[in-house]
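Asker: Sequence and predicted structure below; questions after.
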Protein chains: 2
Amino acid sequence: MNPVAGTTWQTSADGARLTVNGRAYPRPGRPVVVVCIDGSEDAYHERAIADGLMPFTEGMLARGGDLRGACTMPSFTNPNNLSIATGVPPAVHGICGNYFYDTEAGEEVMMNAPELLRAPTLFAAFSQTGARVAVITAKDKLRRLLGSGLAEGGICFSAEKADQVTLAENGIEKVLESTGFELPSVYSAELSELVMAAGCEVLERDRPDLMYLSLTDYIQHKHAPGSPVANRFYAMLDRWFERIDALGAVLVVTADHGMNAKSDADGEARVVFLSDWFDAETGAGASRVILPITDPYTVHHGALGSYATVHLPGGADREALRAKLAGVGGVDIVLTREEACERFELPGDRIGDLVVIAERNTVLGTTAARHDISGFEEPLRSHGGLTEQRVPVLVNRPVELPAGHRLRNFDAYWIGCHAAAGEPLPA
Amino acid sequence: MNPVAGTTWQTSADGARLTVNGRAYPRPGRPVVVVCIDGSEDAYHERAIADGLMPFTEGMLARGGDLRGACTMPSFTNPNNLSIATGVPPAVHGICGNYFYDTEAGEEVMMNAPELLRAPTLFAAFSQTGARVAVITAKDKLRRLLGSGLAEGGICFSAEKADQVTLAENGIEKVLESTGFELPSVYSAELSELVMAAGCEVLERDRPDLMYLSLTDYIQHKHAPGSPVANRFYAMLDRWFERIDALGAVLVVTADHGMNAKSDADGEARVVFLSDWFDAETGAGASRVILPITDPYTVHHGALGSYATVHLPGGADREALRAKLAGVGGVDIVLTREEACERFELPGDRIGDLVVIAERNTVLGTTAARHDISGFEEPLRSHGGLTEQRVPVLVNRPVELPAGHRLRNFDAYWIGCHAAAGEPLPA
Ligand SMILES: [Zn+2]
Ligand SMILES: [Zn+2]
């Protein structure tokens, strides 16, 4: 089944509109470029601006939109990238982490296959109605999901595999040659810079209607806002933002989630080991703790984030467990599946009986034996909780939000398309 | 023994002069910054300028000095860095490669120990008379030689070990912190960029009288002039040159040697295996072939360059061997020790009975078995011969050479100090 079959532009007196996942997007009169800076707690750009390192962005925020919005929960990379791409929360698109526990099959399933996506992306919908679309990610893990349903001719590739792009597979070729990069390490700032450089090349050459540039949080996991390495990274981004603006595009800069230190004053990681706790409460191995931050690239966070979901054994006293766990030091809140689905717009069939969220400086693990926290070179920085939900929404055009609108990072294309059509945001 | 004991500034009617290794340097009235771009065949910056990627350098060459000079032979890194640092050829300073064969001890000796340096560097001489000096190299192998004799307070460190610098050892601390770099790979363009960034930091903060910034030829060994990666590297350099100029320094940009493809039309390396040839002529193992390009970092050239020197067994017919080898395809010239010393100003006790130089697109090896040329990802590019002797000498001030002066890269500080003192070059 083609997920966007039947999507067409509706033309009325006030212009053409495409409705995707229930939201109407005006036809943009110029390219709309959304940059998702992975893990971009707002203090990063604020500190870099204060230190005089983002002169373009400083001016852009004075002239345009300098907003803050909420990311979707859990404050992880995949759920939020897919929310930005679809314009809707995980309850609709289905991607609520890097993997989930399939209770029917009794197995843990990686959530990187397009089949698991339950809603069309804006990229698929726009490209299938003739618009030009380009999606560039830092890591390859996101590329398959974000490229799902893209019409032929659409551009979609990752910087991580920029040496392997082909016209047939990715809609583009010779990315390294045209940008003058050697293939960067997947653990480098340069991987993100290649995304920006390639994006500007494509923008200048093809002028796509929609472009999405999604970076990696390698720097943010290791370096705090205002630190020299972080500042240098944002100074680099500033030059590319200036270029995108100079090319006449509407630019919306947001983040998939924030980032916080997850350690005590001595730099020791603060971890609540949930499997150890549930083993003591419900019997060894009876409860299954899922940490949806886990992915094949775990070097910088050791699979430790501030969000977990737990499948309980039959007959467990959920309310009693919830109340007791909520009292454990470092735990912020514990919700039942139903509460979590309502509050966070999550897909109920892909989370457990309980959802656990840690406090600002604490992460959740399974057992002490399964997380090697001694190997961290820097104090742990991570995300996943409510304390990493606030993200910047920066626009190179003035933005007038409708009264009472709760801004989300997944409003990025809705804001961008209206700005690029010269239309106010509808109430 | 202090190699610069007794060196003092001689003041006369026309200003103060320091004589080092027989050459007189006027006291510079502003910082003199020499940048040695390792392996910078002049086509690199010429192509990058033609492609519009070095706008500052383009203007600088229109206003200043756009010259070409000769590097010292062999056209390798260490001999030329030490020539630039001392202002004299290897016959005087003694460093004629990365290692030599000590015939008395009967062993091959690495030439990276300061004891092997036979002349004081300008850095030692200037710093010991109270001038401020800063030397920053990409790789650590050069740091010990270039820092030899530096007075306390002088700055000398390598980007390769920028994470280990201390005030006591290197005259500087927190290099990564102040520049916002993470420690780059020794095989990266970023290693050179860190040298430039740290140099500009030091220049702005300390305003040293002499500064030396020596890069790595990682890019040049892999990428031809005008190729995207090379162009991007020179575009990066252009931004730092502009900064050095804006800080009011005299800037002299030169190279330790050029760089050429060393392969046939199919990209196969063209190698003359000299040990195999001499084994057939003088008996197995009787002659000893020294390839002074060999160093601990051989990834990008496989220890293959276009220069070799050969120690013959007693009783060998040197003239006959020289004549026969000169006729081998790919060999450019074969000189006796005496001829090589005279023509190339080499130290006779640190070269063999014969000096062999390959043609433009050929390198010299020992035996086929000892060089794995199948592992090269790109066609081999290397140096060492007469065809890599021509190097750029680019100055941000007009330069009027004395009539008949044969320009060498090791004139860099002589030119720079005169320009910084506002004096013409002496006839
Ligand atoms: Zn992320
Ligand atoms: Zn070199």
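Answerer: Structure received. Numbers count the residues shown, from 1 in each chain, chains lettered A, B, ... in the order given. Ligands and ions are numbered 1, 2, ... in the order given.

Asker: How about the residues of chain A by chain B?
Answerer: A:176-182, A:189-190, A:227-233, A:235 (CB under 8 Å from any CB of the partner chain). For the C-beta atoms, the positions are set from N, CA and C on the backbone; glycine is no exception.

Asker: which of the residues you listed count as buried?
Answerer: Among the residues of chain A next to chain B, those classed as buried by 16 or more other CB atoms under 10 Å in any protein chain shown are A:176, A:179-182, A:189-190, A:227-233, A:235.

Asker: Neighbours of the one residue in the stretch 51-200 of chain A that gets nearest to ligand 1, how many?
Answerer: Using CB to the ion, the single residue of the stretch 51-200 of chain A nearest to ligand 1 is residue A:77, 3.2 Å away. Counted with other CB atoms under 10 Å in any protein chain shown, the neighbours of residue A:77 add up to 25.

Asker: And residue A:23, by the same measure?
Answerer: Residue A:23: 17 neighbours (other CB under 10 Å).

Asker: same check, this time on residue A:160
Answerer: 23.

Asker: That one touches residue A:190, doesn't it?
Answerer: No: between residue A:160 and residue A:190 there is no contact under CB atoms under 8 Å: 11.3 Å.

Asker: ok so, going back, if I pick the residue nearest to the residue of the stretch 51-200 of chain A closest to ligand 1 when sequence neighbours are not counted, what's in contact with it?
Answerer: Of all residues not flanking residue A:77 in the chain, residue A:256 sits nearest, at 5.2 Å (CB to CB, 6 or more residues apart in numbering or on different chains). Taking CB atoms under 8 Å, 6 or more residues apart in numbering or on different chains, we find residue A:256 in contact with A:36, A:38-39, A:71, A:75-77, A:80-81, A:84, A:214, A:391, A:409.

Asker: If we use 7 Å, what do you get?
Answerer: A:36, A:38, A:71, A:77, A:80-81 (CB atoms under 7 Å, 6 or more residues apart in numbering or on different chains).

Asker: Ok, residue A:92 next?
Answerer: Neighbours of residue A:92 in contact, by CB under 7 Å, 6+ apart: A:21, A:86, A:118-119.

Asker: Buried subset of those as a ChimeraX selection?
Answerer: To isolate the buried members of the contacts of residue A:92 in ChimeraX, using 16+ other CB under 10 Å:
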select /A:21,86,118,119
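
Asker: Residues of chain A that sit close to ligand 1?
Answerer: Within chain A, the residues that sit near ligand 1 (CB under 5 Å from the ion) are A:38-39, A:77, A:217, A:256.

Asker: Residue B:251: which of the contacts of residue A:256 is nearest?
Answerer: Nearest to residue B:251 among the contacts of residue A:256, counting by CB to CB, is residue A:38 at 38.5 Å.

Asker: how about the closest one, what does it touch?
Answerer: Residue A:38 touches A:77, A:214-217, A:220, A:255-256, counting by CB under 7 Å, 6+ apart.

Asker: For those, work out which two are farthest apart.
Answerer: A:214 and A:220 (13.7 Å).

Asker: Show me the shaky parts of chain A.
Answerer: Scanning chain A for pLDDT under 70 picks out A:1-7, A:13, A:296-301, A:375-376.

Asker: Repeat the analysis, applying 50 as the threshold.
Answerer: For chain A, the stretches with pLDDT under 50 are A:1-2, A:299.

Asker: Domain map for it?
Answerer: If you go by automatic domain parsing, the domain ranges for chain A are A:8-261+A:389-421, A:271-382.

Asker: Out of those domains, which gets nearest to residue B:156?
Answerer: domain A:8-261+A:389-421 (22.1 Å).

Asker: quick one: terminal-to-terminal distance for the closest one?
Answerer: 17 Å (CA to CA, to the nearest Å).

Asker: same question, stretch A:69-82
Answerer: 16 Å.

Asker: How far off centre is that stretch?
Answerer: Mean-position distance between stretch A:69-82 and its chain equals 5 Å (CA atoms, centre = their mean, to the nearest Å).

Asker: Give me the buried positions along it.
Answerer: For stretch A:69-82, burial by neighbour count (16+ other CB under 10 Å) applies to A:69-82.

Asker: repeat for stretch A:161-168
Answerer: So for stretch A:161-168, counting by 16+ other CB under 10 Å, buried means A:161-162, A:165.

Asker: quick one, strands of the stretch 101-250 of chain A?
Answerer: Assigned by DSSP state E, counting those that start in this stretch, the stretch 101-250 of chain A shows strands spanning A:107-110, A:133-137, A:155-158, A:210-214, A:250-254.

Asker: Give me the neighbour count for residue A:103.
Answerer: Count around residue A:103 with other CB under 10 Å applied: 13.

Asker: Please apply the same query to residue A:390.
Answerer: By other CB under 10 Å, neighbour count at residue A:390 equals 17.

Asker: now the strands of the stretch 101-250 of chain A in JSON lines, with mean neighbour count?
Answerer: Shown next, in JSON lines, are those (neighbours: other CB atoms under 10 Å in any protein chain shown):
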{"stretch": "strand A:107-110", "mean neighbour count": "12"}
{"stretch": "strand A:133-137", "mean neighbour count": "27"}
{"stretch": "strand A:155-158", "mean neighbour count": "26"}
{"stretch": "strand A:210-214", "mean neighbour count": "27"}
{"stretch": "strand A:250-254", "mean neighbour count": "27"}
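
Asker: In TSV: the ones you listed, plus distance to residue A:144.
Answerer: Shown next, in TSV, are these (distance: least, CB to CB, whole Å):
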stretch	distance to residue A:144
strand A:107-110	11
strand A:133-137	10
strand A:155-158	9
strand A:210-214	13
strand A:250-254	22
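
Asker: Tell me which of the ones you listed lies nearest to residue B:289.
Answerer: Here strand A:155-158 is closest among the strands of the stretch 101-250 of chain A (CB to CB), at 47.1 Å.

Asker: What strands flank the closest one, and is each parallel or antiparallel?
Answerer: Strand A:155-158 has the following strand partners under DSSP bridges: strand A:133-137 (parallel).

Asker: Could you tell me how many residues sit around the nearest residue to residue A:152 once chain neighbours are set aside?
Answerer: What sits nearest to residue A:152 in space, not counting adjacent residues and going by CB to CB, 6+ apart, is residue A:171, at 7.9 Å. Residues near residue A:171, counting by other CB under 10 Å, number 24.

Asker: so who does residue A:202 touch?
Answerer: A:134, A:155, A:208, A:211.

Asker: how about the nearest residue to whichever residue of the stretch 101-250 of chain A sits closest to ligand 1, chain neighbours excluded?
Answerer: Here the residue of the stretch 101-250 of chain A nearest ligand 1 is residue A:217; by CB to the ion that distance is 4.6 Å. Residue nearest to residue A:217 in three dimensions, not counting chain neighbours: residue A:39, with 3.0 Å by CB to CB, 6+ apart.

Asker: So that neighbour, which state does it fall into?
Answerer: With DSSP: H, G, I helix; E, B strand; the rest coil as the basis, residue A:39 sits in coil.

Asker: Name the nearest residue to the residue in the stretch 51-200 of chain A that chain B sits nearest to, sequence neighbours excluded.
Answerer: Here the residue of the stretch 51-200 of chain A nearest chain B is residue A:180; by CB to the nearest CB that distance is 3.2 Å. By the measure of CB to CB, 6+ apart, the closest residue to residue A:180 outside its immediate chain neighbours is residue B:232, 3.2 Å from it.

Asker: thought the one you found was touching residue A:182?
Answerer: No: using CB atoms under 7 Å as the test, residue B:232 is too far from residue A:182 to be in contact (9.2 Å).

Asker: what about the residue of the stretch 301-427 of chain A found nearest ligand 2, neighbour count?
Answerer: In the stretch 301-427 of chain A, the residue that lies nearest ligand 2 is residue A:377 (32.2 Å; CB to the ion). Using other CB under 10 Å, residue A:377 is surrounded by 7 other residues.

Asker: distance of it from chain B?
Answerer: When distance is defined by CB to the nearest CB, to the nearest Å, residue A:377 is 11 Å away from chain B.

Asker: Please apply the same query to residue A:358.
Answerer: 28 Å.
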